[in-house]
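Student: For reference, the sequence and a predicted model appear below.
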Amino acid sequence: MEKILFALCEGPHDVAFLYRILRVNGLQKYSKPIGEFPDPLNKYFASEAAGEGLEQLKLEEARNRRLPSEVLARGNDALVLLYAIGGDSKAEFRRKLLQDIARMYGRRPPEEKKIETGTAAECSVLYFFDADSKGIAARFQEICRELSGILGLTVSLSADSPQYRHSNGITYAAYIFAEAGKQTGKLENILLPLMHRNNEEIFRQAENYMELHDPDRLPRLKVKIVGGQLTEIRDRNEKGIFHRDKSVIGVAAQLQNSGSTNTVCIKHSDYLTRNKIVSDPSCQEIWHTFEALIVPTP
C-alpha cells in the first residue's frame with residue numbers, strides 16, 4: 001500500500017456513516033486476516049489484540065484495544081482505518097495511538113524506532129469531531145492544542161486550510177461535522193436530512209413516537225438492598241442519555257433491521273442511498289477530504 005490513513009472518530013455512528021461514504025466512492029471492505037495486513041500494521045494489530053498484562057485487565061478494559069472498527073481499501077493504493085475512539089474524554093487513548101503511529105510511520109533514524117516498519121507508505125491521521133455548540137473554529141483549536149501537546153510543536157489546522165504536514169512525514173488533518181451553512185451542529189444534522197428524504201412518513205411517525213419521552217425515567221432503575229431488603233429504586237446519580245435525533249434513527253431502523261443498533265441502520269439501511277450521498281454537498285466535502293489523503297499524486 002502506498003498510503004495509510006488513520007481516521008479517528010468519536011463513535012460507531014461516525015464510523016458507519018464514513019464507511020457508507022467511502023463505499024459509494026469505490027473503496028472496498030478489507031477483510032484479510034491480521035497476519036496479512038501490510039507491515040508494520042500486521043505486527044502492531046497482533047500485539048494490540050494479544051495485549052500486555054491481559055490477565056490484569058477487567059473485561060471492559062480488555063475490549064478497549066487500539067484496533068480499528070472498520071478497514072477499507074482503495075485497490076492496492078491506500079488503506080483507510082476507521083477508529084471509534086470517543087470524544088473529549090478520550091484524549092489519552094488518542095495520545096497513545098498517535099504515538100504508536102509516529103513510531104511506525106514517522107521518518108526517524110532506524111535506531112530510534114521501536115517498531116521496524118520496512119515500509120515506505122505515506123501515513124495520514126484524520127480527526128472527525130462534532131462541532132456541537134462550541135463551533136467549528138473552537139473544535140479546530142482543540143484539535144490543534146491536542147496535537148501540539150502530543151507532537152511537541154505548534155500545529156495549525158483550520159477549516160480554510162485543513163492539512164498540516166509534520167516534519168517527520170505524517171500528515172494531520174481534521175473534519176468537523178456541522179449543520180449545513182452553520183458553524184455548530186453534529187453528525188445527525190447531516191445524516192438525518194439524508195435519511196428523511198423520500199422516507200418522510202416513516203420519520204414523521206418516528207418523531208411522533210418521541211413525544212412519549214419522559215425525562216423522569218432517565219435515572220436508571222437499580223436493584224439495591226435497603227433496610228436489609230431487596231428493592232428497586234431510581235439512581236439519580238446514574239442517568240440514561242436521551243438524544244432525540246439518535247432515538248429517531250433507532251426507531252426507524254427497526255422497520256428494516258429488527259433489534260439492531262443505529263450503527264447497523266446507518267451502515268446497511270436503504271434510508272441512505274448512493275445517489276443521496278454523492279449528490280449531498282457535505283458528503284462530497286467529506287469524500288474530498290479523504291480523497292486528498294488517499295489518492296496517489298500523479
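Tutor: Right, received. Where do you want to start?

Student: Helices of the stretch 151-298 of the chain, start to end?
Tutor: In the stretch 151-298 of the chain, the helices defined using DSSP state H, counting those that start in this stretch lie at 187-196, 200-209, 244-253, 262-268, 274-279, 281-294.

Student: For Gly75, which of the ones you listed is the nearest?
Tutor: With CB to CB as the criterion, Gly75 lies closest to helix 281-294 of the helices of the stretch 151-298 of the chain, at 10.3 Å. For the C-beta atoms, the positions are set from N, CA and C on the backbone; glycine is no exception.

Student: Okay, buried residues for that closest one please.
Tutor: Buried residues in helix 281-294, counted by 16 or more other CB atoms under 10 Å: Ser282, Cys283, Ile286, Trp287, Thr289, Phe290, Leu293, Ile294.

Student: roughly how far out does it sit from the chain middle?
Tutor: With CA atoms, centre = their mean, to the nearest Å as the basis, helix 281-294 stands 15 Å off its chain's centre.

Student: hmm, back to that, can you tell me which of the helices of the stretch 151-298 of the chain comes nearest to Tyr30?
Tutor: Of the helices of the stretch 151-298 of the chain, the one closest to Tyr30 (CB to CB) turns out to be helix 281-294, at 12.7 Å.

Student: all strands for the stretch 1-150 of the chain, in order.
Tutor: 3-9, 28-29, 70-74, 78-84, 122-130 (DSSP state E, counting those that start in this stretch).

Student: Now distance to Phe93, mean pLDDT and mean neighbour count too, for the ones you listed, in JSON lines please.
Tutor: As requested, the strands of the stretch 1-150 of the chain are exported to JSON lines (distance: least, CB to CB, whole Å; pLDDT from 0 to 100; neighbours: other CB atoms under 10 Å):
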{"stretch": "strand 3-9", "distance to Phe93": "9", "mean pLDDT": "96", "mean neighbour count": "24"}
{"stretch": "strand 28-29", "distance to Phe93": "24", "mean pLDDT": "96", "mean neighbour count": "11"}
{"stretch": "strand 70-74", "distance to Phe93": "17", "mean pLDDT": "97", "mean neighbour count": "21"}
{"stretch": "strand 78-84", "distance to Phe93": "9", "mean pLDDT": "97", "mean neighbour count": "22"}
{"stretch": "strand 122-130", "distance to Phe93": "13", "mean pLDDT": "94", "mean neighbour count": "23"}
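
Student: Nearest to Ala16, out of the ones you listed?
Tutor: Nearest to Ala16, of all the strands of the stretch 1-150 of the chain, is strand 70-74, at 8.1 Å by CB to CB.

Student: Figure out which of the helices of the stretch 151-298 of the chain is closest to Leu98.
Tutor: Nearest to Leu98 among the helices of the stretch 151-298 of the chain is helix 281-294; the distance by CB to CB comes to 15.7 Å.

Student: what's in contact with that closest one?
Tutor: By CB atoms under 8 Å, 6 or more residues apart in numbering, the residues outside helix 281-294 that reach it are 3, 5, 7, 18, 21-22, 25, 74, 77-78, 80, 124, 126, 162-163, 171, 173, 175, 180, 190, 194, 276-278.

Student: if you set the cut-off to 7 Å instead, what comes out?
Tutor: Residues outside helix 281-294 that contact it (CB atoms under 7 Å, 6 or more residues apart in numbering) are 3, 5, 21-22, 25, 74, 78, 80, 124, 126, 162, 171, 173, 175, 180, 190, 277.

Student: Next: stretch 7-19.
Tutor: 69-70, 80-87, 94, 125-130, 187, 191, 262-263, 266-267.

Student: Out of the buried residues of helix 281-294, the closest to Asn257 would be?
Tutor: So of the buried residues of helix 281-294, ranked by how close each gets to Asn257 (CB to CB), first place is Cys283, at 21.7 Å.

Student: Low-confidence ranges, the stretch 51-200 of the chain, go.
Tutor: Applying pLDDT under 70 to the stretch 51-200 of the chain flags residues 51-65, 108-120, 161-167.

Student: need the longest strand for the chain.
Tutor: Longest strand in the chain, counting residues (DSSP state E): strand 229-239.

Student: Give the closest residue to Val278 in space, chain neighbours not counted.
Tutor: Computed as CB to CB, 6 or more residues apart in numbering, the closest residue to Val278 that is not its neighbour in sequence is Val24, at 6.1 Å.

Student: Which neighbouring residues are in contact with that neighbour, exactly?
Tutor: Counting by CB under 7 Å, 6+ apart, Val24 has contacts Arg274, Ile277, Val278.

Student: how close does it get to Arg274?
Tutor: 4 Å (CB to CB, to the nearest Å).

Student: export the strands of the stretch 1-150 of the chain to JSON lines and tack on distance to Gly152?
Tutor: Formatted as JSON lines, the strands of the stretch 1-150 of the chain follow (distance: least, CB to CB, whole Å):
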{"stretch": "strand 3-9", "distance to Gly152": "19"}
{"stretch": "strand 28-29", "distance to Gly152": "36"}
{"stretch": "strand 70-74", "distance to Gly152": "29"}
{"stretch": "strand 78-84", "distance to Gly152": "23"}
{"stretch": "strand 122-130", "distance to Gly152": "15"}
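
Student: Kind regards, and thank you for your time.
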